[in-house]
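Trainee: Would you be able to build a 3D model of this:
(one chain, ligands or ions: 4)
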Amino acid sequence: MASNGNGEFSFAGKGTARSVLPKIQTQKKQNGICHDDSSAPVKAQTIDELHSLQKKKSAPTTPIKGSQQGGFATISEEERQKQQLQSISASLASLTRETGPKVVRGDPARLTETPKASHVSHFHVPTISVSDSSLKFTHVLYNLSPAELYEQAIKYEKGSFIASSGALATLSGAKTGRSPRDKRVVKDESAKDELWWGKGSPNIEMDEETFLVNRERAVDYLNSLDKVFVNDQFLNWDPQNRIKVRIVSARAYHSLFMHNMCIRATPEELENFGTPDFTIYNAGQFPCNRYTHYMTSSTSIDLNLARREMVILGTQYAGEMKKGLFSVMHYLMPKRQILSLHSGCNIGKDGDVALFFGLSGTGKTTLSTDHNRYLIGDDEHCWGENGVSNIEGGCYAKCIDLSREKEPDIWNAIKFGTVLENVVFDEHTREVDYTDKSVTENTRASYPIEYIPNARIPCVGPHPKNVILLACDAFGVLPPVSKLNLAQTMYHFISGYTALVAGTEEGVKEPQATFSACFGAAFIMLHPTKYAAMLAEKMQKHGATGWLVNTGWSGGRYGYGNRIKLPYTRKIIDAIHSGSLFKTNYKKTEVFGLEIPTEVEGVPSEIMDPINTWGDKHAYKDTLLKLAGLFKNNFATFTNYKIGEDNKLTEEILAAGPSF
Ligand SMILES: Nc1ncnc2c1ncn2[C@@H]1O[C@H](COP(=O)(O)OP(=O)(O)OP(=O)(O)O)[C@@H](O)[C@H]1O
Ligand SMILES: O=C([O-])CC(=O)C(=O)O
Ligand SMILES: [Ca+2]
Ligand SMILES: [Mn+2]
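Mentor: Ligands and ions are numbered 1, 2, ... in the order given. From the prediction side, this is the model:
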């Protein structure tokens, strides 16, 4: 062993005598002074000072403009921050005390930012302090970056880990899916007439007073915390119909989820954000009080359109915020003659837009994320005068059984910044096992849309050419693809059918048919026929073609057949996009009267008509009739409604259902 002159040691050839150990000399001496290394010393006298150097303040990206007076008046950075804190304080105001809480920016864990009443710029109208809460500060973590939110989550939220991909793995708590039966909507004078109430409606009423009770509960809970997260963001990529939303939450997980799912504001846009159009109070860790009127469980998701507010109590499932805002859009947009849709959307190289409707788990995200096309969005869209626009800034993909081979773009989107909900991973390698359902089957990944390499930004497009209705038919009797006329498209849109299997683990069970009007009854605010009429009018005007695609079973129902292979479904979708399905031959099925192509490139022809894939033809016919009966029963509720201006379309739609 010998020094190589750089203070390192190396073994010199074999023959080196090792009897006398060389004197260890780690440093090269210069002028008799020993140096640690050759770089310049740090510019800090103490370790605290060194740490304070680590983080530098971001430079303002634009000169500060006056926002309130509409132009030339310039306000100082300090003044702007004060206005922002005033706005947040007002958002968090108790309804029984006139003022909002004392709010201060920054992490309470950071000693340097501990407020001292004398010098901290906080907003507080001086009143006589009558409660402990008016003496304390609420720290506001305002629009933190993903990196900062990671740190908050990992430090303070049990169940938060960095997966090997770099994604943030989190647990959503006891609720791993939405709770539609706990949704409440304030039925005031205008909501009474405007909204859809009663049988089949997702809008379960509550009164204004009860809303305020729950709001107070949520706000008091949030104000009692050391810190809250505030996200100020946008919905809708159509600049003329953009909505400003504020999300106040208690968990970094919630803040990062919404950071990913809503449209992220630029620093310039944030400077002029002003008052939000809609505010969510997410106090999900705290239950509602079951003694409160209208409460049937300890979970409550309450929407008040007049106050432009939503309160969440008793569920930490982040999807409630996403879909709560979607409900709001289902109210606001139709008022502006814009149709809101539970659909995915993509656009081809030639500018052809396709919409993908379907209930949860039918393939909106999987099939709209297509390496050969540009992704406009995976779940929520608007169709207006100028075409389509995504409502969101991110995607929310199902992860169960996710594979790199079948869904490469989604797989690759799971990286730093992505929230991974309720997945199971190796405790040492942090490698996620996507097949593991131990926590839930509804494992999810939430990522910003730009994580998909061919995302179309801004997320807008021209009028759709194809409208694809997805159904995962676990009965195995719907054809893999059928071409629909307008009346059939409307019939299936209003029906909103899918069939999944309840409790997959406990062996073979009867498929459960679900009918959800407009493929999203849980989110619509007006009667389904309002949306249906708008869709019919738009499809007619822009010449869009409807398709029904079964992403479910083939060769027998669940337990006998198999789910149609994803590569086949992709080939079918390719053929719709390319226009080749317009040129092929069709035949009509019995009972449902569906036009099915006799061949599709890359798909075995015998599977195009489901009867061919069933061994037992009698069982096929029985199952087909059973499903047709379920459709008929479901549609009975809609037979008394008129769709559009004249009654002609209504009659055609009624006639477009199964006949047997
Ligand atoms: N033939 C198929 N077509 C589409 N998806 C399939 C097919 N076979 C299996 N799958 C799986 O079905 C699931 C479809 O889920 P996806 O996330 O696309 O649902 P979604 O319609 O976006 O629902 P949500 O509204 O709840 O987000 C994926 O896990 C996908 O891998
Ligand atoms: O909202 C959710 O939790 C997931 C989703 O997209 C849906 O159910 O349509
Ligand atoms: Ca989805
Ligand atoms: Mn959805």
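
Trainee: hey, let's count contacts and neighbours off CA atoms from now on
Mentor: Fine.

Trainee: Now do the contacts for the closest residue to ligand 3 within the stretch 151-300 of the chain.
Mentor: Going by Cα to the ion, ligand 3 is nearest to Met261 of the stretch 151-300 of the chain, at 11.6 Å. Contacts for Met261 (Cα atoms under 8 Å, 6 or more residues apart in numbering) come out as 322, 392-396, 446-448.

Trainee: give the contact list for the closest residue to ligand 3 within the stretch 1-150 of the chain.
Mentor: Closest residue of the stretch 1-150 of the chain to ligand 3, Cα to the ion: Pro146 (21.8 Å). Counting by Cα under 8 Å, 6+ apart, Pro146 makes contact with 256, 259, 417.

Trainee: SS state for the first one?
Mentor: Going by DSSP: H, G, I helix; E, B strand; the rest coil, the secondary structure assigned to Leu256 is helix.

Trainee: repeat for the second one
Mentor: When states are read from three-state DSSP, the local structure at His259 comes out as helix.

Trainee: check contacts around the residue nearest to it when sequence neighbours are not counted.
Mentor: Closest residue to His259 apart from its sequence neighbours, by Cα to Cα, 6 or more residues apart in numbering: Asn231 at 7.1 Å. Counting by Cα under 8 Å, 6+ apart, Asn231 touches 142-144, 245-248, 255, 258-259.

Trainee: and the residue of the stretch 551-660 of the chain nearest ligand 3?
Mentor: Using Cα to the ion, Thr551 is the residue of the stretch 551-660 of the chain that sits closest to ligand 3, at 14.2 Å.

Trainee: what residue ranges in the chain score low on pLDDT?
Mentor: Applying pLDDT under 70 to the chain flags residues 1-38, 59-74, 98, 111-130, 502-509.

Trainee: Go ahead and produce PDB holding the CA coordinates of the strand or helix carrying Lys648.
Mentor: Using DSSP states H and E, Lys648 sits in helix 647-655. The C-alpha coordinates for helix 647-655 follow below in PDB (Å, rounded to 0.1, in the frame of the first residue of the first chain):
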ATOM      1  CA  ASN A 647     -90.600  15.500 -29.100                       C
ATOM      2  CA  LYS A 648     -89.300  13.700 -32.200                       C
ATOM      3  CA  LEU A 649     -85.900  13.000 -30.700                       C
ATOM      4  CA  THR A 650     -87.400  11.900 -27.400                       C
ATOM      5  CA  GLU A 651     -89.500   9.300 -29.300                       C
ATOM      6  CA  GLU A 652     -86.500   8.200 -31.300                       C
ATOM      7  CA  ILE A 653     -84.400   7.800 -28.100                       C
ATOM      8  CA  LEU A 654     -87.100   5.700 -26.500                       C
ATOM      9  CA  ALA A 655     -87.200   3.500 -29.600                       C
END
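
Trainee: List the buried residues in it.
Mentor: 649-650, 653-654 (16 or more other Cα atoms under 10 Å).

Trainee: Kindly report the same for stretch 575-583.
Mentor: 575-577, 581.

Trainee: sorry, back to before: would you mind identifying the next helix or strand past the helix or strand hosting the residue nearest to His259?
Mentor: In this structure, Asn231 sits in strand 227-235 according to DSSP H and E. Tracing the chain C-terminally past strand 227-235 and defining elements by DSSP H and E, one meets strand 243-249 next.

Trainee: Let me see the ranges of the strands in the stretch 1-150 of the chain.
Mentor: Secondary structure of the stretch 1-150 of the chain (DSSP state E, counting those that start in this stretch): strands at 2-3, 9-10, 102-105, 137-142.

Trainee: Apart from its neighbours in sequence, what residue is nearest the residue of the stretch 551-660 of the chain closest to ligand 3?
Mentor: Leaving out its chain neighbours, the residue that sits closest to Thr551 by Cα to Cα, 6+ apart is Cys472, at 4.7 Å.

Trainee: Most proximal residue of this structure with respect to ligand 3?
Mentor: Taking Cα to the ion as the measure, the chain has Thr365 as its residue closest to ligand 3, at 4.3 Å.

Trainee: Correct me if wrong: that residue contacts Asp378.
Mentor: Yes - checked against Cα atoms under 8 Å, the pair Thr365 and Asp378 is within contact range at 4.8 Å.

Trainee: anything in contact with each of the two?
Mentor: Common neighbours of Thr365 and Asp378 (Cα under 8 Å, 6+ apart) are 344, 395-396.

Trainee: Next, the contact list for Ser516, please.
Mentor: Contact analysis of Ser516 by Cα under 8 Å, 6+ apart lists 359, 494-497, 522.

Trainee: Distance of the residue of the stretch 451-600 of the chain found nearest ligand 2 relative to ligand 1?
Mentor: Per Cα to the nearest ligand atom, Gly520 is where the stretch 451-600 of the chain lies closest to ligand 2, at 7.2 Å. To ligand 1, Gly520 is 9 Å away according to Cα to the nearest ligand atom, to the nearest Å.

Trainee: Can you show me the helices along the stretch 351-500 of the chain?
Mentor: Under the criterion DSSP state H, counting those that start in this stretch, the stretch 351-500 of the chain contains helices at 364-368, 408-413, 486-495.

Trainee: Mean neighbour count, those: which tops it?
Mentor: Most buried of those, by mean neighbour count (mean count of other Cα atoms under 10 Å): helix 486-495, with a mean of 25.

Trainee: Could you count how many residues lie near the nearest residue to Ala147 once chain neighbours are set aside?
Mentor: Distances taken as Cα to Cα, 6+ apart put Gly417 closest to Ala147, at 7.5 Å, once the chain neighbours are dropped. Other residues near Gly417 come to 23 when the count uses other Cα atoms under 10 Å.

Trainee: do the same with Ser190
Mentor: For Ser190, the count of nearby residues is 10 (other Cα under 10 Å).

Trainee: quick one: it is in a helix?
Mentor: Yes - counting by three-state DSSP, Ser190 falls inside a helix.

Trainee: Tell me the spacing between Ile615 and Leu478.
Mentor: No Ile there; residue 615 is Gly. Gly615 sits 16 Å away from Leu478, going by Cα to Cα, to the nearest Å.

Trainee: go on, Lys571?
Mentor: Relative to Leu478, Lys571 is positioned 17 Å away (Cα to Cα).

Trainee: got the phi/psi numbers for the residue in the stretch 101-250 of the chain positioned nearest to ligand 1?
Mentor: Distances between the stretch 101-250 of the chain and ligand 1 by Cα to the nearest ligand atom are smallest at Gly177, namely 9.6 Å. Main-chain torsions, Gly177, degrees, to the nearest 10: phi -160, psi 180.

Trainee: Could you show which parts of the stretch 501-650 of the chain are in contact with ligand 1?
Mentor: Counting by Cα under 6 Å from any ligand atom, the residues of the stretch 501-650 of the chain close to ligand 1 are 551, 563-566, 569.

Trainee: and with 8 Å instead?
Mentor: 550-552, 563-570 (Cα under 8 Å from any ligand atom).

Trainee: Could you do the chain as well?
Mentor: Residues of the chain found near ligand 1 (Cα under 8 Å from any ligand atom) are 342-344, 357-368, 378-379, 396-403, 406-407, 470, 472, 550-552, 563-570.

Trainee: Mind doing that once more with 5 Å?
Mentor: Proximity of the chain to ligand 1 (Cα under 5 Å from any ligand atom) is limited to residues 360-366, 397-398, 551, 564-566, 569.
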